[in-house]
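K.L.:
Mind looking at a prediction? Sequence and model below.
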Number of protein chains: 2
Amino acid sequence: MTEAVTRPTLEAVAARAGVSRATVSRVVNGGDGVREPLVERVRRAVEELGYVPNQAARSLVTRRHDAVAVVIAEPETRVFADPFFALQLRGISKELTAHDNQLVLLLTEGRDDHARVGRYLAGGHVDGALVFSLHLDDALPGLIRGAGVPTVFGGRSGWSDGTPRAVYVDSDNRGGARAAVRHLVGLGRTRIAHITGALDQTSAVDRLDGFRDVMAEADPRLVVEGDFTPAGGERAMRELLDRCPDLDAVFAANDLTAAGALRVLRERGRRVPDDVAVIGFDDMLPVAEQTDPPLTTIRQDIEETGRLMARLLLRRLDPRNADDTDAAPSPGVVLPTTLVRRASA
Amino acid sequence: MTEAVTRPTLEAVAARAGVSRATVSRVVNGGDGVREPLVERVRRAVEELGYVPNQAARSLVTRRHDAVAVVIAEPETRVFADPFFALQLRGISKELTAHDNQLVLLLTEGRDDHARVGRYLAGGHVDGALVFSLHLDDALPGLIRGAGVPTVFGGRSGWSDGTPRAVYVDSDNRGGARAAVRHLVGLGRTRIAHITGALDQTSAVDRLDGFRDVMAEADPRLVVEGDFTPAGGERAMRELLDRCPDLDAVFAANDLTAAGALRVLRERGRRVPDDVAVIGFDDMLPVAEQTDPPLTTIRQDIEETGRLMARLLLRRLDPRNADDTDAAPSPGVVLPTTLVRRASA
């Protein structure tokens, strides 16, 4: 357990190449002003010794780490259980990798660990942060402000405590919800229920608002709170059927919730869509295609949300990352949603 | 996009608390030698201003970041698709959190990104690293050696290039494989096939060796290479049935491979276990319970492997993390495996 950790030094490279330390340093940091034969000798010595430049020292000069933190305000168990996060990370990973930035995912067991995440962000280990799945009472926004790293959020923020306008990428949750409920109305359904997401998240609040935009006069018993999980969808569906056995449609706040609701409807002998039409949100694959029956839903491009978050951050860190197609900067970018028709509605 | 990033300074805290900068610094770094009323005043000012200590400066003194990197030598798509990694991370996360260390997961798109991971590890951002799912030709071991951070590996290493003995945690892959094949022999099976894992990983090589320990005389056509995925299991099972239609048992290198093999056996009209007995490796839940029929398999404690890796690293970073139950340090720790009987064999 106690073997010495050896690491080739700048001095060793200089000795091997027969040049000064300063020359090695210049080559390692880009090679400006060093003659080509010397550059070649240094590079060969670097390779032979397996030398890795001391990034801490280099960062003191460039003030860049070429690394971006990703913080998901959920316990790691949830991060790995909900494919939504994997998709958003996929978009982020592709974009960061394309710009040779390291994706640094900071995992936690829960909210008690957020102060530690704040300390890591403040510690000079990353150039910026991408933060998503915030809850209204999270301490994270304040901790991130305190850490002083440029940040882009996934989802519009729900706090209003004097924070400077936060840059965010979101989907059109309210408009998508309206489209979902209008589709059910268009099918002739009149007793339309809504299983919400976790109402301490703005995406859930916006989808509920979209439902209410169309169903302003709805029986309040037709709205039950869920939590974006299949288990939450099952629980809420049971409660809805007990309260309002005459319901003829359900708008679920996401596809996982809809999958749970479909299981309970089958268990209770309700035919979908004949007795009860069901519509979800996300178009999460393969979930939305593998439910029984396959799920009509509102598509949002989750991977693109991640990609765009990363892109906005990189552009902020270095304007050279901007390209001609980039629109004028604005605090929030809202991506459109579309209706995807399958058998459930 | 260009709002100034504000961050309360040490000076601001000192002014608010009416004390010197040095006093604030001492309180923030533990409070030694500062009178209690002053400590209280400083703490209040820290809280009111949302001050976060500059960890970079603090780290220069303590040389600790209270952060540990996790590197999985697979593309992020695989990390999120295979529940094995989520389980190992679960054990790591619990152990690091219990010691207030930040889990820093370094994700990549593939091997081309490993040099960047090496640079991040060398950059003074973490105290140590936990590395798993290495492949024989990975550059990672060399890059990690170059980075000079204490490391614990998941799985015994396959390289022999003069690297100092690496600390690792592994499961008894060879012994577990022997138990699997002996179980099939005990059921009276004689034409026993093996679908291997990815043979550039030591876990797959060790399981193949275990198979051969028992089946030294086996027909070489009964061994087909897989890759630890369900798709690889399907492909290998088709090849096996084409080559050796008389086979009566299959030992699959992991449960995901077995799940793929079971699908092909059903498709080809072979009854399991009547015509062909199938046994897996991992006891990955819920996969192993939800196959049709449920899977007999070799259980390894994946979460415990992760927990133990983290524990060995923390002990190495700070001997005070050792407790009385810790065994004497040795380069490798090998955890036992057990046979779990379900319907498939």
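P.N.:
All right, it came through fine. Residues are numbered from 1 along each chain as shown, chains lettered A, B, ... in the order given.

K.L.:
Let me see the ranges of the strands in the stretch 51-200 of chain A.
P.N.:
A:67-72, A:102-107, A:128-132, A:151-154, A:167-171, A:192-196 (DSSP state E, counting those that start in this stretch).

K.L.:
Next, the angle strand A:167-171 makes with the following helix or strand past the last one.
P.N.:
Put plainly, it is strand A:192-196. Later in the chain than strand A:192-196, the nearest helix or strand by DSSP states H and E is helix A:202-214. Interaxial angle, helix A:202-214 versus strand A:167-171 (axes from the mean of the first three to the mean of the last three CA atoms, to 10 degrees): 50 degrees.

K.L.:
Could you check helix A:202-214 and say which residues are buried?
P.N.:
A:202-208, A:210-212, A:214 (16 or more other CB atoms under 10 Å in any protein chain shown). Quick note: C-beta positions are derived from backbone N, CA and C, even for glycine.

K.L.:
Check stretch A:23-43 too.
P.N.:
A:23-28, A:34, A:38-39, A:41-42.

K.L.:
Nearest to chain B among these?
P.N.:
Relative to chain B, the closest of the buried residues of stretch A:23-43 is residue A:28; by CB to the nearest CB it sits at 11.2 Å.

K.L.:
Quick check: residues of the stretch 201-345 of chain A near chain B?
P.N.:
Contacts of the stretch 201-345 of chain A with chain B, taken as CB under 8 Å from any CB of the partner chain, map to A:312, A:315-316, A:329, A:331.

K.L.:
pLDDT weak spots in the stretch 101-250 of chain A?
P.N.:
The model of the stretch 101-250 of chain A has pLDDT under 70 over residues A:159-165.

K.L.:
follow-up on the earlier one: farthest pair within the buried residues of helix A:202-214?
P.N.:
A:202 and A:214 (19.3 Å; CB to CB).

K.L.:
Which of the residues of the stretch 201-345 of chain A next to chain B has the largest number of neighbours?
P.N.:
residue A:312 (24 neighbours; other CB atoms under 10 Å in any protein chain shown).

K.L.:
Surely it and residue A:154 touch.
P.N.:
No: if you go by CB atoms under 8 Å, residue A:312 and residue A:154 don't touch, sitting 10.7 Å apart.

K.L.:
Would you map out the domains in chain A?
P.N.:
A:10-62, A:67-170+A:304-334, A:173-299 (automatic domain parsing).

K.L.:
Show me the one of those domains that comes nearest residue B:230.
P.N.:
Within the domains of chain A, the stretch nearest residue B:230 is domain A:173-299; the backing value is 12.9 Å (CB to CB).

K.L.:
Endpoints of that closest one, how far apart?
P.N.:
The separation between the terminal residues of domain A:173-299, taken as CA to CA, to the nearest Å, is 10 Å.

K.L.:
Identify the residue nearest residue A:283 in space, chain neighbours excluded?
P.N.:
residue A:299 (3.6 Å; CB to CB, 6 or more residues apart in numbering or on different chains).

K.L.:
What distance do you get for that neighbour to residue A:337?
P.N.:
As judged by CB to CB, to the nearest Å, residue A:299 and residue A:337 stand 6 Å apart.

K.L.:
And the two? Which one has more around it.
P.N.:
Set side by side, residue A:299 and residue A:337 show more neighbours around residue A:337, with 25 against 19, by other CB under 10 Å.

K.L.:
Surely that one and residue A:302 touch.
P.N.:
No: counting by CB under 8 Å, residue A:337 stays clear of residue A:302, with 11.0 Å between them.

K.L.:
OK, contacts around residue A:175?
P.N.:
Contact analysis of residue A:175 by CB atoms under 8 Å, 6 or more residues apart in numbering or on different chains lists A:210, A:336-337.

K.L.:
what's the closest of those to chain B?
P.N.:
Lowest distance from chain B to the contacts of residue A:175 (CB to the nearest CB) belongs to residue A:336, with 21.9 Å.

K.L.:
got a pLDDT number for the closest one?
P.N.:
For residue A:336, the model assigns a pLDDT of 96.

K.L.:
Can you give me every residue that contacts it?
P.N.:
Counted by CB under 8 Å, 6+ apart, residue A:336 has contacts A:171-172, A:175.

K.L.:
redo that, cut-off 7 Å
P.N.:
residue A:172 (CB atoms under 7 Å, 6 or more residues apart in numbering or on different chains).

K.L.:
again with residue A:256
P.N.:
By CB under 7 Å, 6+ apart, the residues touching residue A:256 are A:82, A:228-230, A:233, A:287.
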